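Peer 1: Predicted model follows, preceded by the sequence.
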Amino acid sequence: MLSGSSLGVVAPLASAKRSSPVWHGGSLALSRPAASALLKRAEAITSSRSGPSEGLSLRTNGGGGVGGIAGRVLWPASLAVAAGASRRCRRWMCRRQPRARPTVVHAAPPGTPGADAPQVDEVDVAVVGAGPAGTLLAYLLAEKHGKSVCLIDRNAGKPWPNNYGVWQEEWDALEAKLQLGLLDCLGTQWKVTDCYFGGSWEMPAEECLRVDRAYARVDRSKLKNKLQSPRVRILEESLNIEALATNVYAGDSLRHDAKGSTLALSGDRYLRAKMVVDATGSESRITRRLPAAGEPPAPKPGFQIAYGFECLVDGSTHYALDAMTLFDYRTDHLSFDPEWEARAERDPTFMYAMPLGPASDGSGAQRIFFEETSLVARPGVSFEECKKRCFARLKHLGVDVRPGTVTEEEFCYIPMGGPLPEPGQRVVAFGGAAVMVHPSTGYQLCRMMAAASEVAGALGSALGSADFTPDAAAAAAYTAIWSPSNQAQRDFAVFGGEFLMTLDVAGLRGWFDGFFRLPEPLWAGFLAGWPSLPGNDNHESWLARITFGVQLLTRIPWQVALRLVGGIAQYTITYGIPLVRSVTPLLGEPPEYSWAAPVPAEEVGDPVAKREARAMMAAGRDAKAS
Ligand SMILES: Cc1cc2nc3c(=O)[nH]c(=O)nc-3n(C[C@H](O)[C@H](O)[C@H](O)COP(=O)(O)OP(=O)(O)OC[C@H]3O[C@@H](n4cnc5c(N)ncnc54)[C@H](O)[C@@H]3O)c2cc1C
């Protein structure tokens, strides 16, 4: 996070090192290796038990009784038992009552009196990361599925930093699906959306394409408040979990066993959870992203980079105040410097402008959020370049930013595309961590929200089932996110993102002008790109996608269409079948996130041959004996 700014970058967390190697407290003084040995012993006890949570949870289910986390030390129940935790301590845990509002839990520093008392707790689901994805999933699991949930994030008490814009129709569809009162969580709304694609293909630079579709800014603090549940415990800390291999994490920060997982918290504390959700954002260290076995390597991620800020504008705003300006791809503001203009033509950026209404000081000024954005590039365009282009554009357009009024400075960094989460992982990734960002637009919020009820449903029903198996539950949750059909749709959009990276500004103007002249359900569905969002049915089958592609080809300049055809060939040579598979029935479907129960020992190999051998050996023994 840059001072005074929001930087949507999830940095690796270096600060969460466990600081105290020695565990003091009453009769217990365990070094880390000793605690680790006890933990192993405890897990052995745990896995020998029959019921899914037997011996682990000292409270009843249903989200009420995890208060023992508050300001105290967490130990797996079985570890506390193994270590001889006092009866008094365990009774204290049982007596804790649910709180009426979210519990903010601060990690007790080592050495704090009482902080070292061994305590026991377990939740159904530990959600790591309290951005929109983690917060919504935690809410649904707790409120709609009655699960006990712990939401872990050092920043849980802070406002979400990113400025979210959404299509109103998608938001309405989400409200119809989730019934959360989401319509109260929108800030400014615009009935129409403006785009400037002029300056090429004989389109005058001033030509504005007005799209008759409403856009809105999410009021992120209202949304965050809406998704707070008194049944979700909040633990304000960062976890230092880094996947080294599939289901193997550095330094025992996370361990899986047959019944669930043990997370190492700071200060040598632990949390048991039946399931772990990784909602730590696009650059998660917890979830591995690798193609499934047999799948070709995916293209590397591209990056959306944008520099934005909110400010007061005195006088002309240039952009219509009653419209959202989604794209201004003009470059004539840089014509005074041919080198600079050439750079902007080669590595294009556009202005994204949200007029937010009159200033509250009665001066007649307007509040506007401006953001100069590189849609997708690899490597990303520099923030400095975006900032310089932004101010040059505003100056050229005669827009006067009132000095000293710049607030909400945003350094937007969104990885787009790249491989999906590797199959077989026990931790369920969600949101940015599950690579749910649209690979050719950078939109993610509505996609994640559209997926949330299915993912919560998959986890909720797995956790409620008598034969709960964490790996099967994880596979079910991943299937709810990345079904083969949804992967095929994404493969098409990944190509879209790769192709957009190859276009110069003239190509992008021609492309988007044709795109927005398609029937609205077609282009809107592409931008949504997620089942249950409006228009997505126009992209859910190979036939729908090829139909969309052909219609787009007929609307873009032939030179761009030719490059598209060349791009398809080049992409297929480089990255193999996924694109062709997404637009034909020829090559099957992408692989499923499936889970198969381990083969029982007696069924390994050729059981018939082994049984025969055993019978013959027994017969031989009998013959000798007689
Ligand atoms: C500046 C910006 C603007 C965007 N605008 C839009 C938009 O307009 N529309 C849209 O649809 N999408 C937008 N996106 C894309 C996407 O919707 C966002 O990135 C979104 O915030 C992703 O949500 P998330 O909950 O998955 O992850 P994040 O919002 O990144 O939240 C991750 C959380 O995990 C926490 N965390 C990370 N590591 C750990 C750890 N080890 N332990 C505990 N906690 C941890 C972080 O503190 C953070 O709170 C934008 C992205 C950015 C960066």
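Peer 2: Received it, and whenever you're ready, just let me know what you need.

Peer 1: Please identify the residues of the protein in proximity to the ligand?
Peer 2: The chain has residues 8, 10, 13, 128-134, 152-153, 155, 162-165, 238-239, 279-281, 410, 412-414, 431-433, 437, 442-446 near the ligand, with proximity defined as C-beta under 6 Å from any ligand atom. Placement of C-beta: from N, CA and C, glycine included.

Peer 1: Can you flag which of those residues belong to helices?
Peer 2: P132, A133, G134, L445, C446 (DSSP state H).

Peer 1: between these, which has the most around it?
Peer 2: The residue in those with the most neighbours, by other C-beta atoms under 10 Å, is A133 (29 neighbours).

Peer 1: Report the contact partners of the nearest residue to that one once chain neighbours are set aside.
Peer 2: Sequence neighbours aside, G431 is the residue nearest to A133 in space, at 2.3 Å (criterion: C-beta to C-beta, 6 or more residues apart in numbering). Going by C-beta atoms under 8 Å, 6 or more residues apart in numbering, G431 touches G129, G131, P132, A133, G134, L137, A279, G281, Q444, M448.

Peer 1: Could you do R389 as well?
Peer 2: Residues in contact with R389 (C-beta under 8 Å, 6+ apart) are H333, L334, A344, T349, E372.

Peer 1: so of the residues you listed, which ones are in strands?
Peer 2: Counted as lying in strands by DSSP state E, out of the contacts of R389, are E372.

Peer 1: Now render the contacts of G431 as TSV, adding pLDDT and distance to A596.
Peer 2: Converted to TSV, the contacts of G431 look like this (pLDDT from 0 to 100; distance: C-beta to C-beta, whole Å):
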residue	pLDDT	distance to A596
G129	98	29
G131	98	33
P132	98	33
A133	98	28
G134	98	29
L137	98	26
A279	98	27
G281	98	31
Q444	98	31
M448	98	28
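
Peer 1: Redo these as JSON lines? Include distance to W511.
Peer 2: Formatted as JSON lines, the contacts of G431 follow (distance: C-beta to C-beta, whole Å):
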{"residue": "G129", "distance to W511": "34"}
{"residue": "G131", "distance to W511": "31"}
{"residue": "P132", "distance to W511": "29"}
{"residue": "A133", "distance to W511": "30"}
{"residue": "G134", "distance to W511": "35"}
{"residue": "L137", "distance to W511": "35"}
{"residue": "A279", "distance to W511": "33"}
{"residue": "G281", "distance to W511": "29"}
{"residue": "Q444", "distance to W511": "22"}
{"residue": "M448", "distance to W511": "26"}
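
Peer 1: Of the residues you listed, which is the nearest to V583?
Peer 2: Closest approach between the contacts of G431 and V583, by C-beta to C-beta: Q444, at 23.8 Å.

Peer 1: doesn't H438 make contact with that closest one?
Peer 2: Yes - in this structure Q444 lies within contact range of H438 using C-beta atoms under 8 Å: 6.5 Å.

Peer 1: all strands for the stretch 251-400 of the chain, in order.
Peer 2: Along the stretch 251-400 of the chain, counting by DSSP state E, counting those that start in this stretch, strands occupy 254-256, 261-265, 269-278, 302-314, 323-328, 350-358, 366-377, 400-401.

Peer 1: of all the ones you listed, which lies closest to E295?
Peer 2: E295 sits nearest to strand 302-314 of all these, at 19.5 Å, using C-beta to C-beta.

Peer 1: residue contacts, N536?
Peer 2: If you count contacts by C-beta under 8 Å, 6+ apart, N536 has them with G525, A528, G529, W530.

Peer 1: so what's M203 closest to, chain neighbours aside?
Peer 2: Spatial nearest neighbour of M203, chain neighbours left out: F197 (6.4 Å); criterion: C-beta to C-beta, 6+ apart.

Peer 1: wouldn't that neighbour be in contact with E206 here?
Peer 2: No - taking C-beta under 8 Å as the definition, F197 is not a contact partner of E206, at 11.3 Å.

Peer 1: Name the residue in the two with the higher neighbour count.
Peer 2: More neighbours surround F197 than the other of F197 and E206, with 27 against 10 (other C-beta under 10 Å).

Peer 1: ok, the more buried one - contacts?
Peer 2: By C-beta under 8 Å, 6+ apart, the contact set of F197 is M203, E207, L209, F327, Y329, L508, R509, G510, F512, D513.

Peer 1: Same question for G529.
Peer 2: With C-beta under 8 Å, 6+ apart, G529 has these contacts: H438, T441, Y443, R447, Q489, R490, A493, N536, H539.

Peer 1: again, 7 Å this time
Peer 2: H438, R447, Q489, A493, N536, H539 (C-beta atoms under 7 Å, 6 or more residues apart in numbering).

Peer 1: next one: P355
Peer 2: T317, Y319, L321, Q366, I368.

Peer 1: Tabulate the residues you listed in a markdown table, adding columns for distance to V381 and pLDDT.
Peer 2: Putting the contacts of P355 into a markdown table (distance: C-beta to C-beta, whole Å; pLDDT from 0 to 100) gives the following:
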| residue | distance to V381 | pLDDT |
| --- | --- | --- |
| T317 | 25 | 98 |
| Y319 | 22 | 98 |
| L321 | 28 | 98 |
| Q366 | 28 | 98 |
| I368 | 22 | 98 |
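
Peer 1: Taking the residues you listed together, which two end up most distant?
Peer 2: Taking C-beta to C-beta, no two of the contacts of P355 sit farther apart than Y319 and Q366, at 9.6 Å.

Peer 1: can you name the two of the contacts of G529 that are farthest apart?
Peer 2: R447 and H539 (12.5 Å).
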